[in-house]
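> here are the coordinates; sequence isn't available:
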């Protein structure tokens, strides 16, 4: 990786991936939050994941963004890799299509690159529950709904990996290690993840001394629909997370692939169970549900990991992340401030 550009002169591209027209109101709200940043991005790139109707509508109705079609395999990894290839900024920031960025979000992310050894910066993802947090849903498992969870740092610090709904990377990271790996992560509504974890681990291994920075000042909120607030989804997401962790460990090894998870499983969750038990003794009925969810979530995730390791052993060695080149011929389109109207 060459000499990093200092944060005051960095250009930025924000990449938002979308796959379904059902989230059109969310996508409009996300775009509005990005056009109201105190430090504007040089461009906003919306990647549509193999949905011709959504692609046409986005190109017609999102003048503040450059809209491109996913040119790789369906899924979040392919869509993000398309965004990387299409974008032109020194820093590439990623936000979900159902997230809202605080006005200072991008400014906070870019401030983290003041240190030349920082290769990635991310921040907090706060849940916006469509119908309120379910009784007993443990904050230690907010990663199930794509959000920051209890046990994460509360101040600016170096971490192993970032959360996909709120993360950014120097462009040189992708030049050095390639893109997000196919075969890991979400495809449509399948409740999987870990593609950003695998990329962060791969980047740190390839770039000795590199720092991935977590800054809680950089904040987005993430809508949690009622369908994801069910215990059925909780179990499915935990199982798929275990399978995804197995895929990560096949690529990165057990030590790197489970370094954060060991702490969460051996310290954070037991502490949460103990706190829930104490609250139950004090008459908190929801605490018993919370304790049961912590135990069940840990067990189901572990089961998914065991199943995933068996599948990996049977399937052989996975491919590395895709090599990505610039998308020549696509003009740079600056983000413009617009007033968003109601959807038609």
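Noted; the coordinates are in hand. Since the model is a prediction, treat every value here as computed from it, not as a measurement.
> model confidence over the longest strand seen in the chain, on average?
Counting residues, the longest strand found in the chain (DSSP state E) is strand 211-224. Taken as a whole, strand 211-224 has an average pLDDT of 97.
> how far does the helix or strand following that strand sit from the chain's center?
As assigned by DSSP states H and E, the chain's next helix or strand after strand 211-224 is helix 231-252. Its chain's average C-alpha position is 15 Å from that of helix 231-252, according to CA atoms, centre = their mean, to the nearest Å.
> following the helix or strand harbouring residue 57, which helix or strand comes up?
Secondary structure from DSSP H and E places residue 57 in helix 52-61. Per DSSP H and E, the first helix or strand lying C-terminal to helix 52-61 is strand 66-69.
> wait, what's in contact with the closest residue to residue 141 other than its chain neighbours?
Closest residue to residue 141 apart from its sequence neighbours, by CB to CB, 6 or more residues apart in numbering: residue 297 at 5.0 Å. From N, CA and C alone the C-beta is placed, and that goes for glycine too. For residue 297, the contact set (CB atoms under 8 Å, 6 or more residues apart in numbering) comprises 138, 141, 144, 234, 238, 269.
> and if you look at residue 213?
Counting by CB under 8 Å, 6+ apart, residue 213 has contacts 112, 118, 120, 121, 122, 156, 157, 158, 159.
> residue 83 too?
Counting by CB under 8 Å, 6+ apart, residue 83 has contacts 13, 15, 16, 17, 45, 47, 68, 92, 94.
> now the residue nearest to the spatial centre of the chain: how far from residue 295?
What sits nearest the mean C-alpha location of the chain, by CA atoms, centre = their mean, is residue 164, with 0.8 Å. To residue 295, residue 164 is 27 Å away according to CB to CB, to the nearest Å.
> quick one, longest helix in the protein?
helix 285-315 (DSSP state H).
> which residues of the chain fall in strands?
12-18, 43-48, 66-69, 91-96, 99-101, 118-129, 157-158, 166-170, 211-224.
> residue 313 is nearest to which of the ones you listed?
Proximity to residue 313 (CB to CB) singles out strand 211-224 among these, at 29.2 Å.
> relative to strand 118-129, how tilted is that closest one?
20 degrees (axes from the mean of the first three to the mean of the last three CA atoms, to 10 degrees).
> where does the stretch 151-300 of the chain dip in pLDDT?
183-193, 255-257 (pLDDT under 70).
> residue 252: neighbour count?
19 (other CB atoms under 10 Å).
> give me the distance between the closest residue to it other than its chain neighbours and residue 98.
Leaving aside its chain neighbours, residue 252 sits nearest to residue 201 (4.4 Å; criterion: CB to CB, 6+ apart). Here the criterion is CB to CB. By it, residue 201 lies 26 Å from residue 98.
> and stretch 136-152, which residues are buried?
136-138, 140-152 (16 or more other CB atoms under 10 Å).
> and which of these is nearest residue 252?
residue 143 (18.2 Å).
> OK, contacts around the closest residue to the closest one other than its chain neighbours?
Nearest residue to residue 143 in three dimensions, chain neighbours excluded: residue 149, at 4.8 Å (CB to CB, 6+ apart). Taking CB under 8 Å, 6+ apart, we find residue 149 in contact with 139, 140, 141, 142, 143.
> what pLDDT does residue 149 get?
For residue 149, the model assigns a pLDDT of 95.
> list phi and psi for it.
Backbone torsions for residue 149, taken as degrees, to the nearest 10, come to phi -130, psi 160.
> repeat for the one 5 residues further on
Geometry field for residue 154 lists phi and psi as phi -110, psi 0, criterion degrees, to the nearest 10.
> and the residue lying closest to it once chain neighbours are set aside, what does it touch?
Using CB to CB, 6+ apart and skipping the chain neighbours, the partner closest in space to residue 154 is residue 216 (6.4 Å). Counting by CB under 8 Å, 6+ apart, residue 216 touches 123, 124, 153, 154, 155, 156.
> how many neighbours does the third one have?
Using other CB under 10 Å, residue 153 is surrounded by 13 other residues.
> what's the answer for the one 4 residues further on, then?
Look at residue 157: counted by other CB under 10 Å, it has 13 neighbours.
> beta partners for it?
Beta bridges link residue 157 to residue 214 when assigned by DSSP bridges.
> any figure for the gap between it and residue 13?
26 Å.
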